[in-house]
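take this sequence and fold it.
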Amino acid sequence: MSRAGDQSGGPPRAPTPPPAQAAAGDMGIPHARPLAAGGADNWHSLWLLNVYRLFLNFSLLAMFFLGSKPQMLGSRDPQLFSYALLGYLLASLIFASLVQVQRPRFDTQLYLQVYLDIIALVVLMHSSGGVDTGLGMLLVATVAGTGLIRADRFALLFAALGSLAVLGEQLYTQLRLGYDETDFMQAGLLGATLFATALLALVLARRSEAIEVVAQQRAIDLENLAELNEQVIQQMDAGLLFVDPTGRIRLANGSARELLGVPSDGPPPRTLADACEPLAESLSRWQGLPAPQQAAQQPGPLGDPRLRVELKPSFTALGDQGTLIHIEDHSFIRQQLQQLKLASIGRLTASIAHEIRNPLGAISHAAQLIDESPELNFADKRLTGIVLDNCRRMNAIIEDVLQLSRREKVEQSQIELRAWLTRFIREFCATEGAEQQHFSIDAPAELRAYMDPNHLNQVLWNLCSNALRHGGRDDLHILLRTERLPRSGQIALDVLDNGVGIGAEQAEEIFEPFVTFSHEGTGLGLYIARELCEFNSAALRLMPSQRGTHFRITFAPPQEVPGEP
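Got it, this is the predicted structure:
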């Protein structure tokens with residue numbers, strides 16, 4: 001799940017500084033440092049120069065031995081031409097093999113090869129009739145290649161050596177051999193061409209090197225930016241996933257792995273379905289919507305029991321590349337919202353609790369006195385009963401609201417669930433007047449949970465009371481079941497009954513404060529129960545059920561319990 005999964009996270013590298021400008025009097029050539037001798041690029045360039053040399057040798061051999069007679073090549077001294085050409089070929093093959101093994105060092109090979117080209121080409125030109133044959137122009141390619149490989153003044157040195165060799169050949173031809181058809185003017189022009197070629201190659205090489213340095217700097221800047229982006233993505237609290245059109249995960253930050261319950265040191269899942277099947281199903285449904293609706297319609301929170309936490313996904317289509325998924329812990333978001341509500345309620349109750357309780361107590365006391373009057377008829381007694389019932393209901397609401405504003409310190413401990421549930425059912429039935437045959441326990445003896453026992457007692461008491469009060473059946477049965485969830489390894493306590501159940505519309509609102517579907521309730525029982533669970537790093541959820549009602553308390557792992565080692 002990482003790219004790409006996981007970057008080194010080291011500090012970005014400093015960019016390479018741009019090359020300095022040329023000093024005054026440097027012939028106007030932009031200054032750049034010579035390429036490092038023996039670098040991979042230099043050896044590759046030298047290898048290309050050897051390929052050109054071998055191609056030149058084989059072409060001259062084919063034209064000399066297979067060409068029709070008479071011909072220009074070797075016209076002055078065929079034997080010297082053939083020996084020189086064969087020696088040139090042999091030396092070229094030797095140098096080509098030395099380039100492959102990169103021995104001797106780069107500078108030595110470059111100088112020897114240039115000297116070979118100058119000597120061999122001048123000898124071939126001499127044996128073919130001199131500078132008029134045009135073979136001397138082959139020196140231009142050698143000087144140009146050398147200038148591109150070595151962006152320094154050595155290219156001018158090679159051009160000077162080539163020019164001197166051509167002029168020396170003309171001088172030797174005239175003085176030693178007595179030929180009168182020598183052409184010093186053409187030899188001079190060839191030398192000037194070599195110098196011009198060397199200067200042009202030098203300028204192009206240095207400018208190319210300067211561009212390469214800038215490109216390398218830009219590449220380092222881009223790499224630094226990519227590393228910075230990767231670090232920002234990995235440090236985000238929200239989970240980010242990038243899924244390609246085939247469903248494969250191309251990018252996942254650390255928060256996404258944590259929310260999906262994927263170990264950070266384990267192998268990353270290949271597909272979204274492997275990492276989180278409910279999320280993959282939600283993405284598939286969203287992708288099935290028309291394009292205009294996708295941008296405006298996002299899926300709701302995923303309260304699937306297969307999930308480690310309640311996820312709130314958000315999808316963004318990136319064309320043919322795939323989909324960017326933004327996931328958050330919705331229970332944490334809801335908890336923050338509820339905390340804001342709780343703070344508002346606390347401030348409200350602090351200011352009006354005494355103002356309500358005093359007149360409410362007076363009303364209740366007055367109603368009790370009236371109810372005790374012997375002269376009160378039946379209709380009046382019924383009215384005073386209504387007043388007393390509503391006073392008790394108002395007092396219960398005030399007590400619940402005050403309980404929300406008073407957060408006591410959590411004293412979590414390890415609870416052996418089977419024994420604790422047995423004691424709870426015995427105490428609940430004795431207090432509420434319920435029969436124990438309506439309850440059953442399915443709990444392995446080894447399972448233990450971490451929670452404040454008083455808070456767990458209050459949560460479970462509320463759930464069982466609601467089941468008995470709203471179950472709607474005389475043969476109601478309540479099952480208390482514990483298990484270890486296979487995916488996350490957390491301990492879960494299920495409260496199941498075979499009653500009438502909760503409708504789909506009601507299920508979305510039952511945990512909201514002051515929402516009740518009974519005229520006798522305050523709408524705060526389930527809300528307080530869930531708040532107590534979240535205060536203990538646990539979670540209370542309503543699970544899908546084909547029959548009756550199914551609540552699940554998921555306890556926090558030991559490492560997430562505050563105060564635990």
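
what about residue 225, distance to residue 231?
Separation of residue 225 from residue 231 (C-beta to C-beta, to the nearest Å): 11 Å. C-betas here are computed from N, CA, C, even on glycine.

looking at those two, which one has more neighbours?
Between residue 225 and residue 231, counted using other C-beta atoms under 10 Å, residue 231 has the larger neighbour count: 16 against 11.

quick one, phi/psi of that one?
Here is the backbone geometry of residue 231 (degrees, to the nearest 10): phi -70, psi -40.

for it, give me the pLDDT.
The score at residue 231 is 75. That number is its pLDDT.

where along the stretch 351-500 of the chain do the strands fall?
Secondary structure of the stretch 351-500 of the chain (DSSP state E, counting those that start in this stretch): strands at 413-416, 439-442, 448-451, 478-484, 491-497.

tabulate those (a markdown table), appending mean pLDDT, mean neighbour count and distance to residue 344.
Shown next, in a markdown table, are those (pLDDT from 0 to 100; neighbours: other C-beta atoms under 10 Å; distance: least, C-beta to C-beta, whole Å):
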| stretch | mean pLDDT | mean neighbour count | distance to residue 344 |
| --- | --- | --- | --- |
| strand 413-416 | 88 | 14 | 32 |
| strand 439-442 | 90 | 16 | 38 |
| strand 448-451 | 88 | 23 | 27 |
| strand 478-484 | 91 | 18 | 35 |
| strand 491-497 | 91 | 23 | 30 |
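
so which of the ones you listed gets nearest residue 65?
The closest of the strands of the stretch 351-500 of the chain to residue 65 is strand 478-484. By C-beta to C-beta, the value is 88.0 Å.

who touches the closest one?
Contacts of strand 478-484 with the rest of the structure, by C-beta atoms under 8 Å, 6 or more residues apart in numbering, involve 417-418, 421, 425, 438-444, 447, 449, 460, 464, 467-468, 490-497.

in the stretch 151-300 of the chain, where is pLDDT below threshold?
Residues of the stretch 151-300 of the chain meeting the criterion pLDDT under 70: 151, 176-182, 235, 237, 264-266, 268.

quick one: the strands in it?
Using DSSP E, counting those that start in this stretch, the strands of the stretch 151-300 of the chain run over residues 239-243, 249-252.

any chance of these in TSV, plus distance to residue 387 and mean neighbour count?
Below are the strands of the stretch 151-300 of the chain laid out as TSV (distance: least, C-beta to C-beta, whole Å; neighbours: other C-beta atoms under 10 Å):
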stretch	distance to residue 387	mean neighbour count
strand 239-243	54	22
strand 249-252	62	22
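
okay if I get these as CSV plus distance to residue 72?
Shown next, in CSV, are these (distance: least, C-beta to C-beta, whole Å):
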stretch, distance to residue 72
strand 239-243, 67
strand 249-252, 64
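
go through the ones you listed and name the closest to residue 135.
Evaluated with C-beta to C-beta, the strands of the stretch 151-300 of the chain place strand 249-252 nearest to residue 135, the distance being 59.1 Å.

centre of the chain to the closest one, how far?
Mean C-alpha position of strand 249-252 versus that of the full chain (C-alpha atoms, centre = their mean, to the nearest Å) differs by 6 Å.

can I get the CA coordinates of that strand in CSV?
Extracted in CSV, the C-alpha atoms of strand 249-252 (Å, rounded to 0.1, in the frame of the first residue of the first chain):
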residue,chain,number,x,y,z
ILE,A,249,-3.9,0.5,-4.6
ARG,A,250,-1.2,2.7,-6.0
LEU,A,251,-0.8,5.0,-2.9
ALA,A,252,-1.8,4.8,0.7
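
and that strand, what other elements does it pack with?
Here strand 249-252 touches strand 239-243, helix 272-275, going by 3 or more C-beta pairs under 8 Å, 6 or more residues apart in numbering; DSSP states H and E.

for the shortest one, packing partners?
The helices and strands touching helix 272-275, judged by 3+ C-beta pairs under 8 Å, 6+ apart, are strand 249-252, helix 277-287.

quick one: strands adjacent to the first one?
Right, strand 249-252. Next to strand 249-252 in the sheet, as set by DSSP bridges, lie strand 239-243 (antiparallel).

contacts for the partner strand?
For strand 239-243, contacts defined as C-beta under 8 Å, 6+ apart pick out 1, 233, 249-253, 255-260, 272, 283, 318, 322-328.
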